[in-house]
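Peer 1: fold the following, please.
(one chain, ligands or ions: 1)
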Amino acid sequence: MIYINDLKMKYGSKDVLKGVNLTIKNGEFVGLIGRNGSGKSTLVDLICQVKKAEGGSINYDFDKKRMYEHVGVQTQNAEFDTRLKVKDICVLWQHIYPGKCEGVDELLELLDLKEVYHQGTGTLSGGQKQKLNILLALIHNPDLVILDELTTGLDAISRAEVQKFLKMLNRERKKTIFMVSHYMDEVETLCDRVCALKDGVIFANGTPAELMERFECSTMQQFAERCLV
Ligand SMILES: Nc1ncnc2c1ncn2[C@@H]1O[C@H](COP(=O)(O)OP(=O)(O)OP(=O)(O)O)[C@@H](O)[C@H]1O
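Peer 2: Okay, here's the model as predicted:
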């Protein structure tokens, strides 16, 4: 679905991505891990064409001019206009993607947002804002969902609920998911494949079981502690 070849990006003189190669196949659940500042969000921004790469290429299985019909993105710390209610934002999105948002009631239910539907976004808790971000990434029924640290800020129960929901989206509804995460337990249980970003390149790429075996670790947490430093 997405083919990234030798992607390079720098900010000023700082090389952040030095030649990233990565393929996301249709129907896969791919995790991206790496230390703070390793370039994960930069890679997401490049995939979503929010930023322009210095070199390399990204090819898509769909028309990239219609990117946002195919891709749903949840970004870190997205802010909402506090004059708007949750309902207003949902209605706005329904106007942007006419005929594609039939599942909004189900999403509100699944993400436990029904009770705040008539509340202003300024009154939402951090976790509720995060859930609204997730809802907006999914509202137009995209083929590919990109999630940048989606469970950060969620309580333990909400985290488990959202993880279960994502698993269902991938396994039953066949959505392709690309997820940035710092939670190794999450990556280990959810992802078909994990890509580890370090020093500007994907230095390891495989199923959690393959990575743990190759690097002689018993958990992905151990893998992160040993290999991401
Ligand atoms: N607009 C920018 N201008 C200058 N430097 C930037 C800019 N955006 C990011 N950086 C730098 O690029 C590096 C990678 O940032 P990025 O946000 O992609 O990392 P990350 O892996 O997503 O980090 P985290 O896990 O903390 O969210 C960091 O050193 C950051 O300071």
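
Peer 1: which positions in this structure make contact with the ligand?
Peer 2: Counting by C-beta under 6 Å from any ligand atom, the residues of the chain close to the ligand are 11, 16, 34, 36, 37, 38, 39, 40, 41, 42. For every residue, glycine as well, the C-beta is placed using N, CA and C.

Peer 1: list the contacts for the closest residue to residue 128 other than its chain neighbours?
Peer 2: Leaving aside its sequence neighbours, residue 128 sits nearest to residue 116 (C-beta to C-beta, 6 or more residues apart in numbering; 5.8 Å). By C-beta atoms under 8 Å, 6 or more residues apart in numbering, the contact list for residue 116 reads 86, 123, 124, 128.

Peer 1: next one: residue 118
Peer 2: 85, 86, 87.

Peer 1: tell me the centre residue of this structure?
Peer 2: With distances taken as C-alpha atoms, centre = their mean, residue 147 lies nearest the centre of the chain, 1.4 Å away.

Peer 1: report the buried residues of stretch 178-192.
Peer 2: Under the neighbour-count criterion of 16 or more other C-beta atoms under 10 Å, stretch 178-192 has 178, 179, 180, 181, 183, 184, 186, 187, 188, 190, 191 buried.

Peer 1: an error on my part: the question was meant for stretch 13-33.
Peer 2: By 16+ other C-beta under 10 Å, the buried positions in stretch 13-33 come out as 16, 17, 18, 20, 22, 24, 28, 29, 30, 31, 32, 33.

Peer 1: how long is stretch 145-163 end to end?
Peer 2: End-to-end span of stretch 145-163 (C-alpha to C-alpha, to the nearest Å): 14 Å.
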